[in-house]
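Enquirer: Let's see this in three dimensions:
(one chain, ligands or ions: 1)
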Amino acid sequence: MNHEWMQKLQKWECRDSTYQAAEPALVFARAKGSRIWDAEGREYIDLCAGFGVTALGHNNPTQRAVFERSFSDESAIIHGMGDVYPSIDKILLLEYLGQQLPQRLNRGALALSGGQAVEIAVKTAQIATKRSGFICFKDGYHGLDLGILPLTSRADFKAPFVEWMPSHLVTEVEYACPMAQVEEAIDQQKKAGFGTAAIIVEAIQGRAGIRVPPLAWLSSLAELCRAKSVLLIFDEVFTGLGRIGTLSSAFAVEADLICLGKALGGGLPLSACFGRGDVMDAWPQNQGEALHTGTFFGHPLSCRLGLATLQAIVTEGLVERSMNFGEVMQADLKRELIGLPHVKDVRGQGLMIGLELDEKGLGAVLMDRLRPLGVIALASGSFGEGISLTPALNFPEKDWQEALPLIKQAVISLA
Ligand SMILES: Cc1ncc(COP(=O)(O)O)c(C=O)c1O
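Expert: Alright, predicted model coming up:
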């Protein structure tokens, strides 16, 4: 049945959209907690949580209650009039989110995807500084929308579109490089006449294979930005809202703008860019036409689900749980895997854990070996050299005890 569904998909969908070569094929049919079932009823332990989106697990009771209320109330608002007439849901979400973030990040704008949140940060930085240069980091990932594509590192994502991109306005430097290199990039952009609007960085590089820089490096970056009057954007689309054991890395390091996405909508599309009030206020007052908006921005149902999800993350202590259980998982993985053939490193923070192997593409092979064993993990790293584990923040201990030996079995099978 998985195959029949895939054939239907192949007939109708753009060839680029879904990976279709997985053998055996896997088509999601049902999900609950950290378990997923495919179209043939086969069960999987979900160590990916939809790229870190389903922070409370699939079909969480808190979230089901939101849906049940929304769909049993015949007059519940599903879609509103975003930037013209706001919904109560949007206002409540903005208020609660703003209250949870560092005090100085007190104004935000909503969108639907991580890339769109980054797009808002990039536009904000240009409006606020009246400069148009950006500095980003090698292997960084910020989304694939055309406006922000120059900030995403991987050349293969950009190759067909380079002629459309203002690449001359973007300087890429090594992640966790000496500060002198970043300073030189800022100075060069100034000399070139356009100047640096902002530096954009992931507090932990996610898609690059869970690369954790020293906290002191992020702090130095913030200091340099302050000294040079350049804005610092934290792209926390992946790392934010508890994933790495903090709601926002901007509590520890003074970023000026942060981008949130993935977990924010509790599984529905929702993202946000929050920033310092004085920076965000560079946007003019909406006089009837927003300079930046979209039909579905601040979607009421997404905001309703997002608010319930965020409240659960905060009140159920899932941020601390992520930090603590992530340490348990990392220790288990190190104990069981380090020393096995091909295993190079286990690293991460909170429930964002990477296993690096010693060959390009081997992460994708491991992902394929895990699937028939009933485990879903995602290949990661710029060369597919590892896998990432980003389970739900309430990932049950017993599911981990079941998954760990299966991961070991799959790793041993690579030898
Ligand atoms: C750090 C980071 N920024 C931005 C994005 C883009 O988010 P989206 O795919 O929702 O546009 C991602 C997606 O993985 C990400 O990891």
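Enquirer: From here on, just use CA atoms for contacts and neighbour counts.
Expert: Fine.
Enquirer: Up against the ligand, what does the stretch 151-300 of the chain have?
Expert: With Cα under 6 Å from any ligand atom as the criterion, the stretch 151-300 of the chain meets the ligand at residues 202, 206-207, 235-238.
Enquirer: quick one: which of those sit in strands?
Expert: Among these, the members falling in strands (DSSP state E) are D235.
Enquirer: what's in contact with the helix ranked longest in the chain?
Expert: Longest helix in the chain, counting residues (DSSP state H): helix 318-337. Outside helix 318-337, the residues that touch it by Cα atoms under 8 Å, 6 or more residues apart in numbering are 241-247, 312-313, 343, 346-353, 393-394, 400, 404, 408, 411.
Enquirer: Any of those residues buried? List them.
Expert: Buried by 16 or more other Cα atoms under 10 Å: 241-247, 312-313, 343, 346-353, 393-394, 400, 404, 411, out of those.
Enquirer: Narrow those residues to those in strands?
Expert: Applying DSSP E to the buried ones among the contacts of helix 318-337, the entries found in strands are 343, 346-349, 352-353.
Enquirer: just the residues you listed that are near the ligand?
Expert: Among these, no residue sits close to the ligand (Cα under 6 Å from any ligand atom).
Enquirer: May I see those residues organised as CSV, with distance to I376 and pLDDT added?
Expert: Putting these into CSV (distance: Cα to Cα, whole Å; pLDDT from 0 to 100) gives the following:
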residue, distance to I376, pLDDT
V343, 19, 98
V346, 18, 98
R347, 19, 98
G348, 18, 98
Q349, 20, 98
M352, 15, 98
I353, 14, 98
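Enquirer: Closest to the ligand out of those residues?
Expert: The shortest gap between the ligand and any of these belongs to M352, at 11.4 Å (Cα to the nearest ligand atom).
Enquirer: Look up phi and psi at E4.
Expert: Phi and psi for E4, reported as degrees, to the nearest 10, are phi -60, psi -40.
Enquirer: May I see the ones in strands among the buried ones among the contacts of helix 318-337 arranged in a markdown table, with distance to G384 as well?
Expert: As requested, these are exported to a markdown table (distance: Cα to Cα, whole Å):
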| residue | distance to G384 |
| --- | --- |
| V343 | 14 |
| V346 | 15 |
| R347 | 16 |
| G348 | 17 |
| Q349 | 20 |
| M352 | 16 |
| I353 | 15 |
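Enquirer: For K360, state which of those residues is nearest.
Expert: K360 lies nearest to V343 out of these, by Cα to Cα, at 12.3 Å.
Enquirer: how about the nearest residue to that closest one, chain neighbours excluded?
Expert: Counting by Cα to Cα, 6 or more residues apart in numbering, L357 is the residue found nearest to V343 once chain neighbours are left out, at 4.7 Å.
Enquirer: My read is that the one you found contacts L340, right?
Expert: No: in this structure L357 lies outside contact range of L340 using Cα atoms under 8 Å: 10.1 Å.
Enquirer: any residues touching stretch 388-403, and which ones?
Expert: Contacts of stretch 388-403 (Cα under 8 Å, 6+ apart): 33-34, 45-49, 51-52, 54-57, 209-210, 242-243, 318-319, 321-322, 329, 351-355, 375, 377-380.
Enquirer: So which of the residues you listed belong to helices?
Expert: Using DSSP H, the contacts of stretch 388-403 in helices are 49, 51-52, 318-319, 321-322, 329.
Enquirer: ok, now which ones touch the nearest residue to T196 once chain neighbours are set aside?
Expert: Among residues not flanking T196 along the chain, G133 sits closest, at 4.2 Å (Cα to Cα, 6+ apart). The contact partners of G133, by Cα under 8 Å, 6+ apart, come to 169-171, 189, 194-198.
Enquirer: picking that back up, include pLDDT and neighbour count when you put the residues of the stretch 151-300 of the chain next to the ligand into JSON lines, please.
Expert: Shown next, in JSON lines, are those (pLDDT from 0 to 100; neighbours: other Cα atoms under 10 Å):
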{"residue": "E202", "pLDDT": "98", "neighbour count": "27"}
{"residue": "G206", "pLDDT": "98", "neighbour count": "27"}
{"residue": "R207", "pLDDT": "96", "neighbour count": "22"}
{"residue": "D235", "pLDDT": "98", "neighbour count": "30"}
{"residue": "E236", "pLDDT": "98", "neighbour count": "31"}
{"residue": "V237", "pLDDT": "98", "neighbour count": "29"}
{"residue": "F238", "pLDDT": "98", "neighbour count": "28"}
